[in-house]
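> what would the 3D arrangement of this be:
(2 chains)
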Amino acid sequence: MTQHSKKARAFLKDARYSEWHDATFWAVRSKRDAMARGLPEWERLREKASAIKRHTLSHLDEYLEKFAAQAEKNGAVVHWAADADEFNAIVYDILKAADVKKIVKSKSMLTEECRMNPYLEAKGIEVVETDLGERIIQLMGQRPSHIVMPAVHLSPDQVGELFEREGISDEIGNHDPTYLTYRARLSLRNEFLTAGAGMTGANFGIAATGDIVVCTNEGNADMSTSCPRLHIAALGLEKVIPDYDCLAVFQRMLCRAGTGQPTTSYTSHFRKARPGAEAMHIILVDNGRSEWIGNPDHWESLKCIRCGSCMNTCPVYRRSGGFSYSYFIPGPLGVNLGMLRDFEAHKGNLSACTLCMSCQSVCPVKIDLGEQIYKWRQTPGAVPSAKKALCKGMSMVYNHPLMYKAATGAFKPFHSMDLEKDE
Amino acid sequence: MKVGLFVPCYVDALFPQVGVASYKLLRHLGMDVTYPKGQTCCGQPMANGGFEKDTVGLAEKMEDLFAGYDYVVAPSVSCTAFVRLHYPELLDHECRLASSCMDIVEFIHDIVRPEALPGSFPHKVSIHNSCHGVRELGLSSPSEQNVAPFNKIRDLLSLKQGIEVVEPERKDECCGFGGLFCVEESAVSARMGLDKVRRHIATGAEYITGADCSCLMHQSRIARKNRLKIEFKHVAEILAAGL
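Below you'll find the model as predicted:
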């Protein structure tokens, strides 16, 4: 048993819930299929998207410098963080210097990666997630179970009860999702108005113009940046792309692949602090990425645009859930990124793959996700000793035809038949 | 055309009738078929498990055993895919087998291209589109991709008199076998298998057929365990029916 297989077994014990989980994500995959089929050029777009990312990642130094220079010219303050600790410290220093006690955040997996929230909270800063799913799991004290739909594992009743406990809803027993969303909006509105800083992630950074581009369905990135006096944007180094022409390719794919919508409800470009606000800070975070780019087998994982479609299509993810993986990103992408992050800590996820290759067939930027999992398994020390013994035993039998004959003799195998007699 | 018949280990031991059907079918199609003795395993199970390096000797042996054939044909998509995609990386010299090895469905469909097959199979069959057949050998259009739909298994089956061919909902979702996956992740594997068999049964088919015995083996175990009634036959067995 591996780390993943144990958790998966437990997940499947609740048959009704696990069926619902599988069906929910299959429905997202189906919506995505309909969108992909709606664009005759879809497969060419995938080629193009992959080529753009390969190009950008192999010239990343140039594009990063261009992006940073352009952003500074626009009036943003650019910071470079080598790792998670440096990133967290930069954020804290900015907040401290501006005397900020509360920060509102739109969705950012990078801050999850750097564990920014607990770091800031330990220093006495209140952090409020404003993406509805993220807010729910923040109040629950959980981590996201999916990168695009972080609270999808919870039912309306669970959310309703949470909101009652937190005093967010006042009609006890009303767990209607529309009502709950309305109450969440009311409560978040107050947070936007009273926060000293707003943080966003970024889906893309545009080297030619210095824009950061944020795609949301809830408009919460826009609220997070249009009320507080400070805007801090955090992006991983790999998020930078050359120009608007490239952005157009990804914009056509990101939401279609991710949620099966033609586009996100909001696509916002930020270049500088809005009139009247104090400053806009952009933090470019390495945290392992510059090393991973040099990994000949696994660098293409960095092409990812975080649509989540590899999770939705993965037959194992759908039947084991996000929490069955040890890394904070689940599914095929998470298996691979986890291995890059910490081999020993996350090798227990390598079993979570049948090598069906649906992930790399669905991926809008054509990351060879399944092949990478195959390659990780080849790394010494990657698989459990019982499996190793089994493989060694099988190799021994197959490498010795006499042993093979002895082992298969009882089955009346094909190799012992007289084919001519059969004619 | 000189054809070497490659009968993978588990077909050899557990599904000898599939080897026989493949042999008969290829003979019927006018091929000069030989079954070279001394075959064991192509190495796929160990490589997928993480021990690719241990299979170099097997790859060398396969390359030697099957030298001198125009085509090497196997009733197994996953073994064919392993030979084609991984042997060139395993061997430190040119690998001829990687280009001569074909799965029996793609060989008959693309190379032999028969316009008719004798015999009838008056049954409703549901195609199991094995992952490696779909996404590595291109036996059918992957459901993820926006490409014109095609299915080589369906094309061949349609040559049999009286047959009705259907595909399940989620037509190329994995059945959960995955070699050692079914040992290591037995709970997920069993669940995937059960979901798959149920979808095949929902088509009203009497048989599940496909180009890979390992997927069929996994599903037949699941069906038996859950007392679900449906039969299993490799595509080659159906195509050879009546020969």
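
> just give me the neighbour total for residue 223.
No chain in the question, so chain A it is. By other Cβ atoms under 10 Å in any protein chain shown, 22 other residues sit near residue A:223. For the C-beta atoms, the positions are set from N, CA and C on the backbone; glycine is no exception.

> oops, wrong one, chain B.
Counted with other Cβ under 10 Å, residues neighbouring residue B:223 total 22.

> that one: which element?
Secondary structure from DSSP states H and E places residue B:223 in helix B:213-225.

> check which residues of that helix are buried.
B:213, B:214, B:215, B:216, B:217, B:218, B:219, B:220, B:222, B:223 (16 or more other Cβ atoms under 10 Å in any protein chain shown).

> make TSV from the residues you listed and add distance to chain A to it.
Shown next, in TSV, are the buried residues of helix B:213-225 (distance: Cβ to the nearest Cβ, whole Å):
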residue	distance to chain A
B:213	11
B:214	11
B:215	10
B:216	15
B:217	13
B:218	10
B:219	13
B:220	16
B:222	14
B:223	18
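
> now the residue lying closest to residue B:206 once chain neighbours are set aside: how far from residue A:99?
Nearest non-adjacent residue to residue B:206, counting by Cβ to Cβ, 6 or more residues apart in numbering or on different chains: residue B:123, 4.9 Å away. As judged by Cβ to Cβ, to the nearest Å, residue B:123 and residue A:99 stand 78 Å apart.

> more crowded one of those two?
residue B:123 (18 against 7).

> quick one: the more buried one and residue B:208 touch, right?
No. Counting by Cβ atoms under 8 Å, residue B:123 stays clear of residue B:208, with 11.2 Å between them.

> what's the nearest residue to residue 99 if we skip its chain neighbours?
If you meant another chain, say so; for now it's chain A. Residue A:99 sits nearest to residue A:196 (Cβ to Cβ, 6+ apart), 7.2 Å away.

> not quite, go with chain B.
In space, and not counting its chain neighbours, residue B:99 is closest to residue B:84: 7.8 Å by Cβ to Cβ, 6+ apart.

> other SSEs contacting the helix or strand harbouring the one you found?
Per DSSP H and E: residue B:84 is located in helix B:77-90. Using 3 or more Cβ pairs under 8 Å, 6 or more residues apart in numbering or on different chains; DSSP states H and E, the elements in contact with helix B:77-90 are helix B:44-49, helix B:56-65, helix B:97-100, strand B:101-103, helix B:131-132.

> could you check the angle helix B:56-65 makes with it?
Interaxial angle, helix B:77-90 versus helix B:56-65 (axes from the mean of the first three to the mean of the last three Cα atoms, to 10 degrees): 100 degrees.

> need the contact partners of helix B:77-90.
Here helix B:77-90 makes contact (Cβ atoms under 8 Å, 6 or more residues apart in numbering or on different chains) with B:6, B:8, B:42-44, B:47-48, B:52, B:55-56, B:59, B:62-63, B:74, B:95, B:97-99, B:101-103, B:105-106, B:130-133, B:136-137, B:139, B:211-212, B:214.

> show the average pLDDT along stretch B:223-241.
For stretch B:223-241, the mean per-residue pLDDT is 97.

> just the buried residues of it, please?
B:223, B:230, B:232, B:233, B:234, B:235, B:236, B:237, B:238, B:239, B:240, B:241.

> quick one, what contacts the residue nearest to residue A:99?
Residue A:196 neighbours (Cβ under 8 Å, 6+ apart): A:95, A:98, A:99, A:100, A:101, A:102, A:103, A:228, A:229, A:230.

> now do residue B:18
So residue B:18 contacts B:11, B:75, B:213, B:234, B:236, B:237 (Cβ under 8 Å, 6+ apart).

> just the ones of the contacts of residue A:196 in strands?
Mapping the contacts of residue A:196 onto strands (DSSP state E) picks out A:102, A:103, A:230.

> let's have the buried residues of stretch B:223-241 in JSON lines, adding secondary structure.
What follows is those, written out as JSON lines (DSSP: H, G, I helix; E, B strand; the rest coil):
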{"residue": "B:223", "secondary structure": "helix"}
{"residue": "B:230", "secondary structure": "coil"}
{"residue": "B:232", "secondary structure": "strand"}
{"residue": "B:233", "secondary structure": "strand"}
{"residue": "B:234", "secondary structure": "strand"}
{"residue": "B:235", "secondary structure": "helix"}
{"residue": "B:236", "secondary structure": "helix"}
{"residue": "B:237", "secondary structure": "helix"}
{"residue": "B:238", "secondary structure": "helix"}
{"residue": "B:239", "secondary structure": "helix"}
{"residue": "B:240", "secondary structure": "coil"}
{"residue": "B:241", "secondary structure": "coil"}
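
> element containing the residue most central in space within chain A?
In chain A, the centroid-proximal residue (Cα atoms, centre = their mean) is residue A:147; its distance is 4.1 Å. Using DSSP H and E, residue A:147 falls within no helix or strand.
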